[in-house]
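In: Dropping the sequence and predicted coords here.
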Amino acid sequence: SLEKRHKFWETQPVGQFKEIGNTSLPEGPIEAPTPLSEVKQEPYNLPNLYEWVTCDINSEEVCDEIYNLLANNYVEDDENMFRFNYSKEFLRWALQPPGYFKSWHIGVRVKSSKKMVAFISGIPARIRVRDEVVNMAEINFLCVHKKLRTKRLAPVMIKEVTRRVHLENIWQATYTAGVVLPTPIATCQYWHRSLNPKKLIDVGFSRLGARMTMSRTIKLYKLPESTVTQGFRKMKILDVPAVTRLIRNYLSQFVVAPDFDEHDVEHWLLPKENVVDSYLVESPETHEVTDFCSFYTLPSSILGNQNYSTLKAAYSFYNVSTKTPLLQLMNDALIVAKQRDYDVFNALDVMHNETFLKELKFGPGDGKLHYYLYNYRIRHALNPSELGLVLL
Ligand SMILES: CCCCCCCCCCCCCC(=O)CSCCNC(=O)CCNC(=O)[C@H](O)C(C)(C)COP(=O)(O)OP(=O)(O)OC[C@H]1O[C@@H](n2cnc3c(N)ncnc32)[C@H](O)[C@@H]1OP(=O)(O)O
Ligand SMILES: CN(C)Cc1n[nH]c2ccc(-c3ccc(F)cc3OCCn3ccnc3)cc12
């Protein structure tokens, strides 16, 4: 947008707002890699009171510090009623995929008190953009303590993680955010499906519809006690090769998608209690794996409610339908989430999700999620249905 100045982002190799519509710019890397010898060897300078710390997420103590920083200072909804409450086991999962670098788990401490006041992370990912598979960093969990906001700490943290990623000879990144920055490659809408409407209304997440009573609302969102698809079952380690084939084929139709191998599938999609759940449909006759669905567990703290402290939310992750209609597959996912006592099931309108959202009684959320690439230009912004990537 014309009036907004982005003093930091205008210095970065990202699509700039003033370039929008300039179709003469080539698609692909914006800047060429620099020789490793020319990458800045020492960390960027922090304001005097602070110091960098490379975080060992496997240390219970450090993991506690990161968990608490995020639990108290990470993303809130627009009305500041909820704040993401990523669990410790979720953070250890999210930050340690195959090939991860400890040096990309970056904290900022107060020198005197050693208190952790900021964090940013990267993990390696092979991301395909059209026909190019690019080694990227997925950047996430950028967080500055509420008391240290608007001091321009974020740009320093972004430059430092960029420097450390460059040292591993990686020159592109991908990230998502609820804020508009130069320049989204796609803008997605998130949707919510009530599973526990009474609690959602009690905490102010949802409002009772006009001319709706509570009992009518509970009835509206009621789900069957058990799943309906024959052969629907939890994924197991033995399914990794079949699920890898299924998901690689399915994701090949999208413009931007992860290039998952079996190690990635084992890490990201094998069920992990309280972190990620995945189910598949195995044909009773042929034993072929024909469909797959998954969701991750990300509770939100409820800020300032007497009766409840936590909203138990499931987030749609990767879903593949080749035989079972996606509508039926996702309804089974809702049924399982309800069985497991989730309050709400969230989904973005990426991949083929918009084909089931309205019919399965999802309601639109109050904000957008913007997708970004760093040092990689896409000629035109993508429709959400061209995205095959879900970041945590
Ligand atoms: C080749 C490898 C490359 C790797 C790196 C790739 C890039 C990765 C990029 C990171 C991706 C992270 C993805 C991710 O983690 C998922 S998005 C969630 C981000 N975290 C939160 O929203 C938590 C609550 N908020 C905060 O902690 C602070 O408000 C943060 C830390 C967000 C900003 O702290 P602050 O005290 O409020 O602000 P200043 O320090 O004074 O700095 C202001 C500058 O920061 C720009 N800003 C604000 N929010 C941003 C955001 N979410 N991404 C990128 N930039 C963001 C802003 O536009 C301005 O720059 P401008 O003046 O140019 O406009
Ligand atoms: C993706 N990952 C980077 C975390 C992240 N950062 N910024 C965000 C802004 C929206 C969503 C989001 C994505 C999908 C969804 F169904 C609902 C969402 O937010 C609801 C509003 N909200 C925010 C906090 N508590 C509730 C995630 C994120």
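Out: Arrived safely, thanks for sending. Ligands and ions are numbered 1, 2, ... in the order given.
In: Stretch 63-81 close to ligand 2?
Out: Yes: remark: stretch 63-81 sits within contact range of ligand 2 at 75-77, by Cβ under 6 Å from any ligand atom. Using the backbone N, CA and C atoms, a C-beta is placed for each residue, glycine as well.
In: oh sorry, the question was meant for stretch 336-351
Out: Yes: with Cβ under 6 Å from any ligand atom as the criterion, ligand 2 is reached by stretch 336-351 at 346, 348.
In: Stretch 382-392 too?
Out: Yes: using Cβ under 6 Å from any ligand atom, we find that stretch 382-392 touches ligand 2 at 391-392.
In: what does stretch 167-185 give?
Out: Yes: Stretch 167-185 is in contact with ligand 2 by Cβ under 6 Å from any ligand atom, via 176-178.
In: Compute the first-to-last residue distance for that stretch.
Out: One end of stretch 167-185 to the other measures 26 Å (Cα to Cα, to the nearest Å).
In: Dump the C-alpha coordinates for the strand or helix carrying Ser294 into CSV.
Out: Secondary structure from DSSP states H and E places Ser294 in strand 289-297. What follows is strand 289-297 as a C-alpha-only set of coordinates in CSV (Å, rounded to 0.1, in the frame of the first residue of the first chain):
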residue,chain,number,x,y,z
VAL,A,289,-4.1,-46.4,1.1
THR,A,290,-6.4,-44.1,-0.8
ASP,A,291,-7.0,-41.1,1.5
PHE,A,292,-5.4,-39.2,4.3
CYS,A,293,-6.3,-36.4,6.8
SER,A,294,-4.4,-34.8,9.6
PHE,A,295,-4.7,-31.9,12.1
TYR,A,296,-2.3,-30.4,14.7
THR,A,297,-3.1,-29.4,18.3
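In: among the residues of stretch 167-185 next to ligand 2, which ones are buried?
Out: Among the residues of stretch 167-185 next to ligand 2, those scoring as buried are 176-177 (criterion: 16 or more other Cβ atoms under 10 Å).
In: Can you lay out the residues of stretch 167-185 next to ligand 2 as a markdown table showing pLDDT?
Out: Formatted as a markdown table, these follow (pLDDT from 0 to 100):
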| residue | pLDDT |
| --- | --- |
| Thr176 | 99 |
| Ala177 | 98 |
| Gly178 | 98 |
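In: which one of the residues of stretch 167-185 next to ligand 2 sits closest to Ser385?
Out: Using Cβ to Cβ, Thr176 comes nearest to Ser385 of these, at 16.2 Å.
In: For that closest one, give its distance to Asn140.
Out: 8 Å (Cβ to Cβ, to the nearest Å).
In: Return every residue with contacts to both of the two.
Out: Counting by Cβ atoms under 8 Å, 6 or more residues apart in numbering, the contacts common to Thr176 and Asn140 are Leu391.
In: And the helices in this structure, which stretches?
Out: Secondary structure of the chain (DSSP state H): helices at 60-73, 88-95, 153-166, 197-202, 214-220, 240-251, 262-269, 326-339.
In: Adding mean neighbour count, mean pLDDT and distance to ligand 1, write those helices out as a markdown table.
Out: Below are the helices of the chain laid out as a markdown table (neighbours: other Cβ atoms under 10 Å; pLDDT from 0 to 100; distance: least, Cβ to the nearest ligand atom, whole Å):
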| stretch | mean neighbour count | mean pLDDT | distance to ligand 1 |
| --- | --- | --- | --- |
| helix 60-73 | 16 | 98 | 6 |
| helix 88-95 | 19 | 99 | 11 |
| helix 153-166 | 20 | 98 | 3 |
| helix 197-202 | 18 | 97 | 23 |
| helix 214-220 | 13 | 98 | 32 |
| helix 240-251 | 18 | 98 | 22 |
| helix 262-269 | 19 | 98 | 18 |
| helix 326-339 | 21 | 98 | 24 |
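In: Of all these, which one is nearest Arg5?
Out: Nearest to Arg5, of the helices of the chain and by Cβ to Cβ, is helix 153-166 at 13.3 Å.
In: Now find how far off-centre stretch 300-309 is within its chain.
Out: Taking Cα atoms, centre = their mean, to the nearest Å, one finds stretch 300-309 lying 23 Å from the centre of the chain it belongs to.
In: low pLDDT regions in this structure?
Out: 1-2 (pLDDT under 70).
In: burial of Asp343, as a residue count?
Out: Counted by other Cβ atoms under 10 Å, the residues lying close to Asp343 total 25.
In: no no, Phe356
Out: Residues lying near Phe356 (other Cβ under 10 Å) number 24.
In: Including distance to Leu280, could the helices of the chain go into CSV?
Out: Output for those, formatted as CSV (distance: least, Cβ to Cβ, whole Å):
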stretch, distance to Leu280
helix 60-73, 31
helix 88-95, 20
helix 153-166, 34
helix 197-202, 29
helix 214-220, 29
helix 240-251, 6
helix 262-269, 10
helix 326-339, 10
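In: so which of the ones you listed comes closest to Pro124?
Out: When these are compared by Cβ to Cβ, helix 153-166 sits nearest Pro124, at 8.7 Å.
In: what's in contact with the closest one?
Out: 8, 33-34, 36, 39-40, 43-47, 52, 101, 103-104, 106, 108, 118, 120-122, 137, 139, 142, 144, 171, 173, 374.
In: and it, anywhere near ligand 2?
Out: No: interface with ligand 2: helix 153-166 contributes nothing (Cβ under 6 Å from any ligand atom), its closest point being 13.5 Å away.
In: Stretch 203-213 too?
Out: No: using Cβ under 6 Å from any ligand atom, stretch 203-213 never reaches ligand 2; the gap is at least 9.0 Å.
In: residue contacts, Lys146?
Out: Residues in contact with Lys146 (Cβ under 8 Å, 6+ apart) are 72-73.
In: how close does it get to Glu42?
Out: For Lys146, the distance to Glu42 equals 29 Å [Cβ to Cβ].
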